[in-house]
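S.K.: Sequence first, then the predicted structure:
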Amino acid sequence: MLRYYSITRLLQILTPKRTLPVSSMQEEYTRKLVKYTDYILRRRVWVYRQNCLRRALVLYHFLRSAGIDVQILFGVRRNIQHSHDGAGNHLDGHAWLVCQGQPFLELNDKVFDIYTVTFRYPAITTEMGS
């Protein structure tokens, strides 16, 4: 689906219309979801390859379906590699999840210090006071 849809359209498709109520099994479900997602992506089964985008998209869909209010964030950082031809300056991207404003199931808890957020879904909306 990554080849055929824009990221915004793909996220609309992956965002469940209905969610399950949060249950006492949420922690166990999350642990197993991460374990099996990482296992499949590490094994390079079929078309799946480990990268942060695929991991974040899969976890986003299933966690939202389970009633866990996560957002998916995308960020960039400048990566300057010194080389003899000077062609080492490029951008690196990363995708990760947040829950309640904090990195969620992310290996690097300093992700906000390393990457500049360029897109988040769903966007944070501020409600007008009543």
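M.R.: Happy to help now that I have it.
S.K.: does residue 55 belong to a helix or a strand, and which?
M.R.: Applying DSSP states H and E as the criterion places residue 55 in helix 52-65.
S.K.: and that helix, what's its mean pLDDT?
M.R.: The average pLDDT within helix 52-65 is 91.
S.K.: Flag every buried residue along it.
M.R.: Under the neighbour-count criterion of 16 or more other CB atoms under 10 Å, helix 52-65 has 52, 54-64 buried. For glycine as for every other residue, the C-beta is placed from the backbone atoms N, C-alpha and C.
S.K.: With stretch 32-42 instead?
M.R.: 33-34, 37, 40-41.
S.K.: before we move on, what about stretch 98-114?
M.R.: For stretch 98-114, using 16+ other CB under 10 Å, the buried residues are 98, 103-106, 111-112.
S.K.: one step back: between the buried residues of stretch 32-42, which is nearest residue 91?
M.R.: residue 41 (22.9 Å; CB to CB).
S.K.: Which helix or strand contains the closest one?
M.R.: Counting by DSSP H and E, residue 41 is part of helix 26-43.
S.K.: Double-check residue 95 against residue 52; I have them as touching.
M.R.: Yes: with contacts counted by CB atoms under 8 Å, residue 95 reaches residue 52, the gap being 4.7 Å.
S.K.: Show me what the helix holding residue 55 packs onto, helices and strands only.
M.R.: Here helix 52-65 touches helix 7-14, helix 26-43, strand 70-80, strand 89-99, going by 3 or more CB pairs under 8 Å, 6 or more residues apart in numbering; DSSP states H and E.
S.K.: quick one: the second one to helix 52-65, angle?
M.R.: Think helix 26-43. Comparing the axes of helix 26-43 and helix 52-65 via axes from the mean of the first three to the mean of the last three CA atoms, to 10 degrees yields an angle of 150 degrees.
S.K.: Which strand residues bridge residue 116?
M.R.: Counting by DSSP bridges, residue 116 is bridged to residue 76.
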